[in-house]
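1. Sequence and predicted structure below; questions after.
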Amino acid sequence: MNKKFIANFQGKFAAALILLGCMLLFVNFLGLFFYTTIDNDHPNLWDKRPRTISETEFWSHAYRYDDEKLSNYLERLTKLVSDRMLLIDKKYAKPTFFENWILWVVAQQRGDFEWINSKRAVRLGGGFCSQHAIVFDNILKEQSIASRILGLNGHVLNEVLVDGHWRVYDPDFNVIFHQSMKELEASPEKVFQVYRAAGLTDNEALQWQKIFSSDVDNWHFGSSISYSTDAYIIEKLAFYFVWVLPGIMILIGLLLLRFFSFNKR
């Protein structure tokens, strides 16, 4: 193998690294405009209710007003999340390649996706009940309001400490209970009554009553991070590395070009 061929290969390899790095940075830039959203006309919606507010409207009212009573705020936030977030299978919530090419690969392998980042989730505008619960919990945590996520066998919702007493909130169905999870487990008929009053059918309300009453598989999670620790770590690293990796490629390519150029002298 002659020296000219090796020098050619080295130069092309360095140039390829620089080009790939630049292309990935360009992909990241396109991600500002090409991202997954769930709209009212999506063919695979499970939600029977149309979205009624925009992303901008959501964030303009997402936080507690000055001197607003906590119970009133939680009632408002529950409705806000329900009005913005549509119910749809997680397999339709996968990010685009442009949005984050690392998470795109992860989502392709898993077959579905769910955001831990509230801004991305609200921009997406849909997901399973767990996506609603994550957004709800994150917003409360930002304001140092004591809350936790409840994982049931078939549903995910929230519990918030109000005046020293835990109360259950379901931002998926815009349903509020004035009882804690333990109290609802002991009196599941209240679950039926509240969901029925929210417009669900007898069969649907009975289904939720059974899910709430099976206390063996009802779990508390301190935050959205503890609820999805692995997903949180992967998501954080992905946001970092989609920018760092292309930068490293470009830097290595430039260093190699300089090194090869110096060796030719």
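-> Yes, it's here.

2. Quick check, central residue of this structure?
-> W115 (1.8 Å; CA atoms, centre = their mean).

3. per-residue confidence for that one?
-> Reading off the confidence values, W115 has pLDDT 97.

4. Skipping adjacent residues, who's closest to it in space?
-> With CB to CB, 6 or more residues apart in numbering as the criterion, W115 has its nearest non-adjacent residue at 4.0 Å, and that residue is A121. (C-beta placed from N, C-alpha, C; glycine too.)

5. Quick check: neighbours of the strand ranked longest in the chain in the sheet, parallel or antiparallel?
-> In the chain, assigned by DSSP state E, the strand with the most residues is strand 155-162. Sheet partners assigned to strand 155-162 using DSSP bridges are listed as strand 147-152 (antiparallel), strand 165-170 (antiparallel).

6. can you list contacts of the last one?
-> Taking contacts as CB atoms under 8 Å, 6 or more residues apart in numbering, the residues outside strand 165-170 that touch it are 74, 78, 129, 136, 150, 155, 157-161, 175-182, 184.

7. Burial check on K210, number of neighbours?
-> Counted with other CB atoms under 10 Å, the neighbours of K210 add up to 13.

8. Can I take it that it is in a helix?
-> Yes. Checked against DSSP: H, G, I helix; E, B strand; the rest coil, K210 lies within a helix.

9. separation between the residue nearest to it when sequence neighbours are not counted and H178?
-> Distance criterion CB to CB, 6+ apart; nearest residue to K210, sequence neighbours excluded, is P188 at 7.5 Å. For P188, the distance to H178 equals 15 Å [CB to CB, to the nearest Å].

10. which one of the two has more residues nearby?
-> P188 (18 against 12).

11. Which helix or strand in this structure has the lowest average pLDDT?
-> helix 3-30 (a mean of 85; mean pLDDT, DSSP states H and E).

12. I'm done for today, thanks for sticking with me.
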